[in-house]
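Peer 1: Predicted model, plus sequence, below.
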Amino acid sequence: MVIIMFEIFSFTHILLLLLIPVVIYLGYLLKNAKHYKQLLFGLSLLLFIMEVWKQYYHYYILDDWSVWIFPFQLCSIPLYIWLFYPLFDTKGFKGIETFLIDYTLLGALFALGYPEDMIKVQLVLTIHSFLWHYLLILISSLIYFSDHGDLTFKGYLHGSIFFYLCSMIATVFNVLLAKYGTISMFYINPYKISTQPVFHDIGVKLGVLPQNIIYLLAISIGALFIHIILTKIKKGSRSF
């Protein structure tokens with residue numbers, strides 16, 4: 001087992017951050033691909049396979065599996081997208097694509113920017129975590145540059161509806177699986193103070209429910225900023 005650690009904001013971390021524009025550019029190169037649907041399906045399926053491997057590694061190799069690593073975080077949702085393949089051409093799927101542009105990109109950027117939960121003792125798990133979030137950025141970039149999704153405010157609302165639907169499902173998991181160990185899907189455990197920076201302090205001062213509501217609203221506001229910025233970039237590029 002290879003063990004290696006590095007500090008947040010260290011030289012190694014900065015180098016890894018510099019890969020983000022490279023991944024975005026790759027998404028740009030893949031824009032309007034003839035096989036967009038198949039490419040999106042393949043990227044999502046790749047995430048699913050990677051997740052199966054991670055669960056196997058924790059269960060059989062490390063023997064430390066717990067419900068904490070159950071795959072239903074904000075950055076886990078794209079691994080299920082391949083299941084929607086029959087709906088890829090439908091109008092309703094645009095809301096999911098918009099979610100993948102706004103919310104998935106936001107989650108990936110924040111995770112890579114402050115990868116406290118991604119830097120593992122085992123090198124292979126650290127590589128897995130970083131590769132995972134690069135793939136999320138690639139998926140978001142592919143959808144955005146291929147002119148899929150909906151960059152109107154209505155599109156943002158549709159993406160947000162999907163986000164809050166996933167949040168409700170996460171809450172159900174948090175309640176039903178709590179008896180099996182510590183769990184915090186979407187970091188909104190209804191019984192425990194959040195481990196997330198800033199929101200932990202909010203939970204201590206105001207309680208768990210206000211903490212979770214503020215946390216979800218903060219994500220939505222962040223996603224809105226992403227949506228507005230990307231919309232302006234798209235409009236600006238079309239004016240030239």
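Peer 2: That came through fine.
Peer 1: Just the C-alpha atoms of stretch 78-86, please, in PDB.
Peer 2: In PDB, the C-alpha atoms belonging to stretch 78-86 read as follows (Å, rounded to 0.1, in the frame of the first residue of the first chain):
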ATOM      1  CA  PRO A  78     -23.400  12.400 -11.800                       C
ATOM      2  CA  LEU A  79     -22.600   8.700 -11.400                       C
ATOM      3  CA  TYR A  80     -26.300   7.900 -11.700                       C
ATOM      4  CA  ILE A  81     -26.900  10.000 -14.900                       C
ATOM      5  CA  TRP A  82     -26.300   7.000 -17.200                       C
ATOM      6  CA  LEU A  83     -29.500   5.500 -15.800                       C
ATOM      7  CA  PHE A  84     -31.400   8.400 -17.500                       C
ATOM      8  CA  TYR A  85     -30.000   7.600 -21.000                       C
ATOM      9  CA  PRO A  86     -33.500   6.900 -22.500                       C
END
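Peer 1: So the spatially most central residue of the chain, which state does it fall into?
Peer 2: Nearest to the geometric centre of the chain sits residue 75, at 2.2 Å (C-alpha atoms, centre = their mean). At residue 75 the chain is in helix, as set by DSSP: H, G, I helix; E, B strand; the rest coil.
Peer 1: And residue 71, by the same measure?
Peer 2: Secondary structure assignment for residue 71 (three-state DSSP): coil.
Peer 1: Could you pull out the buried residues of the strand or helix carrying residue 50?
Peer 2: Per DSSP states H and E: residue 50 is located in helix 36-56. Of the residues in helix 36-56, those scored as buried under the neighbour-count criterion (16 or more other C-beta atoms under 10 Å) are 36, 39, 40, 41, 43, 44, 46, 47, 48, 51, 54. Quick note: C-beta positions are derived from backbone N, CA and C, even for glycine.
Peer 1: Would you mind getting the angle between the helix or strand that comes right after that helix and helix 36-56?
Peer 2: With elements assigned by DSSP H and E, the helix or strand that comes after helix 36-56 is helix 93-113. The directions of helix 93-113 and helix 36-56 differ by 50 degrees, with axes from the mean of the first three to the mean of the last three C-alpha atoms, to 10 degrees as the criterion.
Peer 1: Output the contacting helices and strands for the helix or strand just after helix 93-113.
Peer 2: Following the chain from helix 93-113 toward its C-terminal end, the next helix or strand by DSSP H and E is helix 123-145. Under the contact criterion of 3 or more C-beta pairs under 8 Å, 6 or more residues apart in numbering; DSSP states H and E, the helices and strands touching helix 123-145 comprise helix 19-29, helix 36-56, helix 93-113.
Peer 1: Helix 123-145: how far from the chain's middle?
Peer 2: Relative to its parent chain, helix 123-145 has a centroid offset of 9 Å by C-alpha atoms, centre = their mean, to the nearest Å.
Peer 1: list the buried ones in that helix?
Peer 2: 124-126, 128-130, 132-145.
Peer 1: what do you get for stretch 189-204?
Peer 2: Within stretch 189-204, the residues that count as buried by 16+ other C-beta under 10 Å are 189, 192, 193, 194, 196, 199, 202, 203.
Peer 1: The closest residue to residue 180 other than its chain neighbours: what's it in contact with?
Peer 2: Excluding its sequence neighbours, the residue lying closest to residue 180 (C-beta to C-beta, 6 or more residues apart in numbering) is residue 67, at 4.8 Å. Going by C-beta atoms under 8 Å, 6 or more residues apart in numbering, residue 67 touches 177, 180, 181, 182, 183.
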